[in-house]
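J.: let me see the structure of the following:
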Amino acid sequence: MLRHIARWDLDKTYLRTEFDTLRDIVRTALERPDEKRTNPGASTLMREMVRSGVSVHILSGSPEQMRRRLEDKLRLDGITWDSFTLKPNLQNLLRLRFRAVRDQLGYKLPALLQARAASVPLGSGEAVGRKETLFGDDAEADAFVYSLYGDVLAGRVNEELLLKVCEKGRVYPDVIESILEYAGLTDRAGVVERILIHLERQTPPDDFRVYGSRAVPFYNYLQAALVVHEDGRVPGDAVLRVAVDLVLHHRFDGDGLARSYHDLARRGHLRGTGVEGIVTAFEGWTNQDRVPGIAELRTLVERLPSLGKAAHAAYRGDDPTPPDYEKLVMVHNPRRPRRR
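T.: Next up is the predicted model:
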């Protein structure tokens, strides 16, 4: 059986990382693994995906020099993974490639294509069956890069357009060659099932509509869990465990949990098809003793049937039309300063 692939960014997606000032960067680099903070629910969702048979691959813009501390942090969180890729920033500096230190297009796109070519060899016949869920954030270029990656694999972005986008994105020539090479080593299929973008900077969700319904901006990991549950990647119990995380560590009440569902539903990202699985899972939980957050979970579950109907009515459906990547590449990584 082909395992589903989940590719996760770390900073601001999984970890609550600050990179806005030099002091932030130094503090982050010196933090012990046990001092690094995980976004509430993120570790639970990742563990649940692994438990469900999903193959987890880490692709982070953190420098290679932080590998040991980051790996130790994930181990502390009980996470197992299949690959762990970090950015070779020291190598970039030694080669005087200063743009590459912050550039995400020239780093993540070839890394994604290379990883895909390695895990699903050209001509293996596995491309259609081995789909991917991609996790990122709104602090850099994740939505743009992930969407471009998905459309390259789907055959909606040809080599000529890909070359133009990379050139306009000021990707180094030898890196462009690698991108085109890796793109040629992958079978064409619509394999990117979902692009989940953590709204760490509170970017308006409508800013991501340009990437189609495949891209889902989310405020908390209950919302992410609801989406991957509807996609059939985790069971209803996984959603409840993430919800408990938010209740215990982020002070969510039952109304807050329900609003998380409602927010996704009104934006057209849920079909309502996952409600039954969550309700059934909760019924099994009520037979257990001392379930944490049971009152808050009951409030959510009691509202799910009506919320699911509203979600079905508002669902946006699929949009196969790719965005204008030549235009978007000029503004894909604005690096806005955080509002204090």
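J.: where in the stretch 1-150 of the chain is pLDDT low?
T.: Along the stretch 1-150 of the chain, segments meeting pLDDT under 70 span 1, 18-30, 92, 96, 98, 100-101.
J.: all strands of it, in order?
T.: Ranges of strands within the stretch 1-150 of the chain are 5-8, 55-63, 83-87, 132-137, based on DSSP state E, counting those that start in this stretch.
J.: turn these into TSV, including distance to G236 and mean neighbour count.
T.: From N, CA and C alone the C-beta is placed, and that goes for glycine too. Shown next, in TSV, are the strands of the stretch 1-150 of the chain (distance: least, CB to CB, whole Å; neighbours: other CB atoms under 10 Å):
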stretch	distance to G236	mean neighbour count
strand 5-8	18	24
strand 55-63	20	21
strand 83-87	29	19
strand 132-137	18	25
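J.: burial measure for the nearest residue to F218 once chain neighbours are set aside, as a count.
T.: Distances taken as CB to CB, 6 or more residues apart in numbering place A224 nearest to F218, at 5.0 Å, with adjacent residues excluded. A count of nearby residues for A224, using other CB atoms under 10 Å, gives 27.
J.: these two touch, right, A224 and L45?
T.: Yes: counting by CB atoms under 8 Å, L45 is a contact partner of A224 at 6.0 Å.
J.: between the two, which contacts overlap?
T.: V242 (CB atoms under 8 Å, 6 or more residues apart in numbering).
J.: all strands for the stretch 201-340 of the chain, in order.
T.: Per DSSP E, counting those that start in this stretch, the stretch 201-340 of the chain carries strands over the ranges 215-218.
J.: now do the contacts for S62.
T.: When contacts are counted by CB under 8 Å, 6+ apart, S62 touches L10, D11, L70, L86, K87.
J.: now do 6 Å
T.: By CB atoms under 6 Å, 6 or more residues apart in numbering, the residues touching S62 are D11, L86.
J.: what's the separation between it and P88?
T.: 11 Å (CB to CB, to the nearest Å).
J.: same deal with D253?
T.: Noted for D253: a distance of 45 Å to P88, by CB to CB.
J.: ditto for E302
T.: Separation of E302 from P88 (CB to CB) stands at 51 Å.
J.: of the two, give the one with the bigger neighbour count.
T.: Each of E302 and P88 has its neighbours counted (other CB under 10 Å); P88 has more, 16 against 13.
J.: pretty sure the more buried one sits against E64.
T.: Yes: at 5.4 Å, P88 and E64 qualify as touching, with contact defined as CB atoms under 6 Å.
J.: common neighbours of these two, please.
T.: Counting by CB under 6 Å, 6+ apart, nothing touches both P88 and E64.
J.: can you give me the end-to-end span of stretch 290-298?
T.: End-to-end span of stretch 290-298 (CA to CA, to the nearest Å): 14 Å.
J.: I'd like the average pLDDT over that stretch.
T.: For stretch 290-298, mean pLDDT rounds to 91.
J.: show me the helices in the stretch 51-200 of the chain, by range?
T.: Taking DSSP state H, counting those that start in this stretch, the helices of the stretch 51-200 of the chain run over residues 67-76, 89-94, 98-102, 105-119, 142-153, 159-168, 173-183.
J.: of all these, which one comes closest to W285?
T.: Nearest of the helices of the stretch 51-200 of the chain to W285, taken as CB to CB: helix 67-76 at 26.5 Å.
J.: buried ones in the closest one?
T.: Residues of helix 67-76 classed as buried: R69, L70, E71, K73, L74 (neighbour count, 16 or more other CB atoms under 10 Å).
J.: what's in contact with that helix?
T.: The list of residues contacting helix 67-76 from outside it, by CB under 6 Å, 6+ apart, reads P33, K36, L86.
J.: for stretch 167-177, same thing?
T.: So stretch 167-177 is in contact with L105, G106, C166, V329, going by CB under 6 Å, 6+ apart.
J.: filter those to the buried ones?
T.: Among these, those scoring as buried are L105, G106, C166, V329 (criterion: 16+ other CB under 10 Å).
J.: list the contacts of the third one.
T.: Residues in contact with C166, defined by CB under 6 Å, 6+ apart, are I176.
J.: tell me how far it lies from L153.
T.: The spacing between C166 and L153, counted by CB to CB, is 16 Å.
J.: ok, back up a step: which pair in the buried residues of helix 67-76 spans the largest distance?
T.: For the buried residues of helix 67-76, the farthest-apart pair by CB to CB is R69 and L74; their separation is 10.0 Å.
J.: what's the mean pLDDT across stretch 306-319?
T.: Here stretch 306-319 scores 92 as its mean pLDDT.
J.: for that stretch, C-alpha coordinates in CSV please.
T.: Backbone C-alpha positions of stretch 306-319 (Å, rounded to 0.1, in the frame of the first residue of the first chain) are rendered in CSV as follows:
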residue,chain,number,x,y,z
SER,A,306,-25.8,21.7,11.8
LEU,A,307,-22.4,23.0,11.1
GLY,A,308,-21.8,20.2,8.7
LYS,A,309,-24.9,21.1,6.7
ALA,A,310,-23.8,24.7,6.5
ALA,A,311,-20.4,23.6,5.3
HIS,A,312,-21.9,21.4,2.6
ALA,A,313,-23.9,24.4,1.3
ALA,A,314,-20.9,26.8,1.3
TYR,A,315,-18.3,24.4,-0.1
ARG,A,316,-16.3,26.1,-2.9
GLY,A,317,-15.4,23.0,-4.8
ASP,A,318,-12.3,22.5,-6.9
ASP,A,319,-10.7,25.1,-9.2
